[in-house]
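Participant: how does the following fold in three dimensions:
(chains A and B)
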Amino acid sequence: EAGVAQSPRYKIIEKRQSVAFWCNPISGHATLYWYQQILGQGPKLLIQFQNNGVVDDSQLPKDRFSAERLKGVDSTLKIQPAKLEDSAVYLCASSLVRGGTGELFFGEGSRLTVL
Amino acid sequence: DAKTTQPNSMESNEEEPVHLPCNHSTISGTDYIHWYRQLPSQGPEYVIHGLTSNVNNRMASLAIAEDRKSSTLILHRATLRDAAVYYCILRDFDGGSNYKLTFGKGTLLTVNP
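Facilitator: Next up is the predicted model:
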């Protein structure tokens, strides 16, 4: 089966510019996650969707980050305006809501460099 | 989520077994123990999980202490492709409606040829 798709793989922007990342989860996975991974650290959850509703966005910096999941499938994460400390890999993951191992499937990530 | 403690790094030789420890002294009765690994420049991938009994799959084995306060991920014969950061994570099962993983820093495994 196809995995989680993310784009772009790499993005370089100047501070105060905006950027958007796209994620297409595995077909049939109702739950979608965005994680931020700063170099040398483990991934940190930014936001979790179930279908197109937000389950948890407690660690999302809402003054500059926004995310949406239209029609409960694809999702977009936006940063506006970007800061130097936003340089990181942004990982999208998806999972089945019920059943199975509850395993999360991750994409390869989008690496953001803010200059 | 309950916390886990892992060594920052470990080294192994190719084709030898590797035992990656994890301490989780505050684990609750409903916490599942999950292991993920992250190869260079890739997203994390699921390795194995368990609740009370030892578990085996094609990738690894998971040995869980009787009191559940610690566990060990066992790679039976390490290969160069097993070089990665290994994360031990506790996840509470809330009835199947909310799966969330909270990652720590993990253990960086280096495999020497």
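Participant: so, low pLDDT: which residues of the chain?
Facilitator: The chain I'm using is chain A. For chain A, the stretches with pLDDT under 70 are A:1, A:97-101.
Participant: nope, chain B please
Facilitator: B:1-2, B:92-99.
Participant: find the residue at the geometric middle of it.
Facilitator: Nearest to the geometric centre of chain B sits B:Trp35, at 3.1 Å (CA atoms, centre = their mean).
Participant: ok, and the closest non-adjacent residue to the residue nearest the centre of chain A?
Facilitator: Nearest to the geometric centre of chain A sits A:Trp34, at 2.8 Å (CA atoms, centre = their mean). Counting by CB to CB, 6 or more residues apart in numbering or on different chains, A:Trp34 lies nearest to A:Leu46, which is 4.6 Å off, once chain neighbours are set aside. C-beta coordinates here come from the backbone N, C-alpha and C atoms, glycine included.
Participant: do B:Leu39 as well
Facilitator: In space, B:Leu39 comes closest to B:Ala84 once its chain neighbours are excluded; the distance is 4.7 Å by CB to CB, 6+ apart.
Participant: what's the burial count for that neighbour?
Facilitator: 21 (other CB atoms under 10 Å in any protein chain shown).
Participant: shouldn't it be in contact with B:Val111?
Facilitator: No: taking CB atoms under 8 Å as the definition, B:Ala84 is not a contact partner of B:Val111, at 9.1 Å.
Participant: pull the contacting residues for A:Asn51.
Facilitator: Applying CB atoms under 8 Å, 6 or more residues apart in numbering or on different chains to A:Asn51 gives the contacts A:Ala30, A:Arg69, A:Gly72.
Participant: from A:Pro25, how far off is it?
Facilitator: Note on A:Asn51: its distance to A:Pro25, by CB to CB, to the nearest Å, is 11 Å.
Participant: can you check A:Glu85 too?
Facilitator: Distance of A:Glu85 to A:Pro25, given as CB to CB: 27 Å.
Participant: so for the two, which residue has more residues nearby?
Facilitator: Between A:Glu85 and A:Pro25, counted using other CB under 10 Å, A:Pro25 has the larger neighbour count: 27 against 10.
Participant: does that one touch A:Leu104 like I think?
Facilitator: No: between A:Pro25 and A:Leu104 there is no contact under CB under 8 Å: 10.5 Å.
Participant: joint contacts of those two?
Facilitator: Joint contacts of A:Pro25 and A:Leu104 (CB under 8 Å, 6+ apart) are A:Ser94.
Participant: what residues does chain A have near chain B?
Facilitator: A:4, A:31, A:33, A:35, A:40-45, A:48, A:50, A:55-56, A:91, A:93, A:95, A:97-99, A:101-109 (CB under 8 Å from any CB of the partner chain).
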